[in-house]
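[1] Quick one: sequence plus predicted model below, questions after.
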Amino acid sequence: MTALGGRLPRLLALVPWLLRHPDSHVADVAAHFGISEKQLTGDIQLLWMCGLPGYLPDDLLDFAFEDDRVSVTDPLTLTRPLRLSAEEATALQVAARALAEVGDLAERDALERAIVKLAVAAPAAPTALDLDVALDTPEGQLATLRSAIEAKVAVHLTYFVESRDELTERDVDPVRVISWGGRWYLDAWCRVAEGFRLFRLDRIRAATVLAEPSSVPVRDTGGEPSDGLYRPSPHDVRIVLELPPASSWVTDVYQMDAVEDLPDGWVRVSLRTADTRPLARLLLSLEAPWRVIEPAGLTELVREIARDAVEQYAS
Amino acid sequence: MIGRHLATNGTAAAAASWAGALGQLGGWRHGTGRHPRECRDPPIACQAMSSNRLERLVNLTICLMSTRSYLSLWEIGERVSGYDVGQTEHEQQAFRRMFERDKEALRELGIPVEEGSNTSFRDEVGYRISPGDYALPEIGFDREELAALALANRLWVSAGLSGAGAIALHKLEAVGDETATPPEDLLPRVESPDAAFEPLRQAVRDRRPVRFPYLKAGAAGAQERRVQPWGVVSWHGHWYLAGRDDDRGEMRVFRLSRIRGAVKPAGPPNSVKRPADLDVRAEVVRKATQMAEGEGAERVARLRVRPGAAHALRRRARPGGMSGADRAREGDAAGEGAANDDAGGAEVIEVVFTDLERMAAQVLWHGADVVVIAPPDLRDHVLGRLRARAAAGTGS
């Protein structure tokens, strides 16, 4: 869509919206439409210039302002919203269907009712889904965790840390549940690590809601998880590996800083990690050859793990 | 045409705060009327290039909605602000082209611009918009439904589709009195799509064949593929394209992250044939599962695992193969608190697998914590690779 394509639908939606929500605070309207107050001002200014042929004052769209509130006083023909475009209907239908299929969700009934209504509201939208999202179903704890978040209480977790192959115990202050990249996570303040951590729901082996209230420190990153869930730390070690085509799937599974194609079909990848042991385990598990460019000790670590394992077979 | 109407033309003044804008609008509203002289220089930037066109498109929409009879091209040109029908042939051509572009822009948004003739005697084409066709049906969405849809639309924030969904929500809000307020405790996000997502989505929508360089898993270099695209699906954190591979003559599933280069059209729009009863998602799930897990007969591996280790394999273990200690541990982990990691002695578990190589990789990942007891071919394979690594220490 062009820049124009984004603003015209908003302009046309704004008038009937304001008609049904009179005396709305300007800041609320702007926030609700996801635009700045300056953009909203610009929109209303533009609309204020528009109207019916003749373009005398009474022929124009009209708005009323009181303090910091705004109303539409003359919507002309724009009393009702434009029907949904195929793109708009698809966006809502696909997302609603994806979420409705997630079992255990409190919003499920509302989503299913909304899907039926959408089909009536936008009959022109394609029913065969060209675009589809299949969310994974979170295992077990979703309802428990959401109830703890709503009640603003802490939770005790038995959590499996896969990279260390360890079951851990900890109290956390839950913030929200996130679905990302096909997985479900609990976003929480971890009292053991004293930092925000993401816990994969399928690795939470037990969650016990505690009686004590949660206390979540203010987050300095603005609260939105960034793309990808990896959070760099100054203690990270830089890793550079070279992998053959047979192992290039690794770049699909692990988040890489850079992937560079080499002339012989291999790829050179670089990543950062706080702990090299899980990476050594990964290298040991790869069938195809690989080369460690840095750090120097990583190859020796793989050899050590292999030697220990061979001894187990001797005993 | 007088009044505030002329005020936007050619203004490029600096933007003002809301307070300033309100003051200005208030001044206009309470002034001696909307005389051009008063509002020739409003203090708000009007994004000079596009706002003239936006204004014209809004005016065109309102005008065509307000007429019962069809308006001819020339009537529109004379009446709607922003058009100039011109004097010369050249100017009139320019006006025609401008109107054509505007009409298409409105239709792209789903505005039903009708073409027709007012009487059967005249064959001059005219235009109008029926308010009934324009308007969203009066279907009320309650607060819960709007909240649920707003929550669902958060999926798209990372995929660039949330704007369309948000406009749709604002429209739904404008046939009721409620607003959509999503719950704060849940944040569903679809993974950020790869560069190929947008062109492929459009190609699917337009039923248009495509070609792109594709790096098949395990292959040394990318190969050009020609595909009739049927659908784009997100599953397990990856985006996939399902379609008919024209060179191989059958359906294939492609992972978007393996498309190495531009997606280009390989045929005209509306030329893709899609099987009527095709369930694109089911096909993607089937093929992607095959890619991820491999095919073959189910076999059982007997593994000796160190206490307090191999938690992921224990989860996959068959109940019958576990020792009593294991069952107790799994029972613990499923419900009543911490597992006791201090139990003495190794335990034996049984795990079902299909692909020997994948099973070996999983065992190897655990190093000395997991030892294969049976079957012999898995044991030999794992031990052989461990010995090679222990001796050479390098990957090669």
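    Right, received. Where do you want to start? Every value quoted in this text rests on a predicted model; they were computed, and no experiment measured them. Numbering: from 1, shown residues only, chains lettered A, B, ... in the order given.
[2] For chain A, which segments count as helices?
    A:3-20, A:26-32, A:37-48, A:86-100, A:108-121, A:142-151, A:250-253, A:277-285, A:298-314 (DSSP state H).
[3] tell me the most buried of those helices?
    Across the helices of chain A, averaging neighbours per residue (mean count of other Cβ atoms under 10 Å in any protein chain shown) puts helix A:86-100 on top, at a mean of 24. All C-beta atoms are positioned from the backbone trio N, CA, C, and that covers glycine.
[4] Quick one: list the elements packing against that one.
    Contacts defined by 3 or more Cβ pairs under 8 Å, 6 or more residues apart in numbering or on different chains; DSSP states H and E place helix A:86-100 against helix A:108-121, strand A:131-134, helix B:143-153, helix B:162-173, strand B:186-188.
[5] per-residue confidence averaged over the longest one?
    Spelled out, that is helix A:108-121. Mean pLDDT, helix A:108-121: 91.
[6] That helix versus helix B:162-173: what angle between them?
    Put simply, helix A:108-121 runs at 80 degrees to helix B:162-173, going by axes from the mean of the first three to the mean of the last three Cα atoms, to 10 degrees.
[7] got a list of contacts for helix A:108-121?
    A:83-84, A:89, A:92-93, A:96-97, A:99-100, A:102, A:105, A:125, A:127, B:136-137, B:139, B:141-142, B:144-149, B:152, B:172 (Cβ atoms under 8 Å, 6 or more residues apart in numbering or on different chains).
[8] Please parse the chain into its domains.
    Assuming you mean chain A. A:3-74, A:142-213, A:237-314 (automatic domain parsing).
[9] um, chain B though
    B:3-134, B:136-190, B:197-293, B:299-392.
[10] Go through these and pick out the most buried.
    domain B:136-190 (a mean of 21).
[11] got the end-to-end distance for that one?
    End-to-end distance for domain B:136-190: 28 Å, by Cα to Cα, to the nearest Å.
[12] Rounded mean pLDDT for it, please.
    Averaging pLDDT residue by residue across domain B:136-190 gives 89.
[13] Pull the contacting residues for the closest residue to residue A:107 other than its chain neighbours.
    Nearest non-adjacent residue to residue A:107, counting by Cβ to Cβ, 6 or more residues apart in numbering or on different chains: residue B:148, 4.2 Å away. Going by Cβ under 8 Å, 6+ apart, residue B:148 touches A:96, A:99, A:107, A:110-111, A:114.
[14] Might you list the low-confidence residue ranges for the chain?
    In the absence of a named chain, chain A is used. A:1-5, A:123-129, A:140, A:220-233, A:315 (pLDDT under 70).
[15] oops, chain B please
    For chain B, the ranges with pLDDT under 70 are B:1-49, B:120-122, B:292-296, B:320-345, B:393-396.
[16] Would you map the helices across it?
    For chain B, the helices defined by DSSP H cover B:18-30, B:48-66, B:73-79, B:89-108, B:131-134, B:143-153, B:162-173, B:197-206, B:280-293, B:311-316, B:324-334, B:356-365, B:376-392.
[17] Tabulate the ones you listed (JSON lines), appending distance to residue A:181.
    JSON lines is the format used below for the helices of chain B (distance: least, Cβ to Cβ, whole Å):
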{"stretch": "helix B:18-30", "distance to residue A:181": "39"}
{"stretch": "helix B:48-66", "distance to residue A:181": "36"}
{"stretch": "helix B:73-79", "distance to residue A:181": "50"}
{"stretch": "helix B:89-108", "distance to residue A:181": "33"}
{"stretch": "helix B:131-134", "distance to residue A:181": "40"}
{"stretch": "helix B:143-153", "distance to residue A:181": "18"}
{"stretch": "helix B:162-173", "distance to residue A:181": "17"}
{"stretch": "helix B:197-206", "distance to residue A:181": "14"}
{"stretch": "helix B:280-293", "distance to residue A:181": "14"}
{"stretch": "helix B:311-316", "distance to residue A:181": "19"}
{"stretch": "helix B:324-334", "distance to residue A:181": "25"}
{"stretch": "helix B:356-365", "distance to residue A:181": "21"}
{"stretch": "helix B:376-392", "distance to residue A:181": "30"}
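[18] Looking at these, which is nearest to residue A:219?
    helix B:143-153 (20.9 Å; Cβ to Cβ).
[19] And that closest one, how far out from the chain middle?
    Centroid displacement of helix B:143-153 relative to its chain, using Cα atoms, centre = their mean, to the nearest Å, is 18 Å.
[20] show me what contacts residue A:269?
    Residue A:269 neighbours (Cβ under 8 Å, 6+ apart): A:240-243, A:250-251, A:256, A:258-260.
[21] Derive a ChimeraX selection command for the buried subset of those residues.
    The ChimeraX selection below is limited to those of these classed as buried (16 or more other Cβ atoms under 10 Å in any protein chain shown):
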select /A:240,241,242,243,250,251,256
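[22] Of the contacts of residue A:269, which belong to strands?
    Among those, the members falling in strands (DSSP state E) are A:240-243, A:258-260.
[23] Restricting to these, which residues neighbour chain B?
    Counting by Cβ under 8 Å from any Cβ of the partner chain, nothing from the ones in strands among the contacts of residue A:269 sits close to chain B.
[24] rewinding a little: with residue A:264 as the reference, name the closest of the domains of chain B.
    domain B:197-293 (8.1 Å).
[25] The closest one vs chain A: in contact?
    Yes - for domain B:197-293, a contact with chain A is found by Cβ under 8 Å from any Cβ, at B:201, B:204-205, B:215, B:217-221, B:230-238, B:255, B:257, B:274, B:278, B:280-281, B:285.
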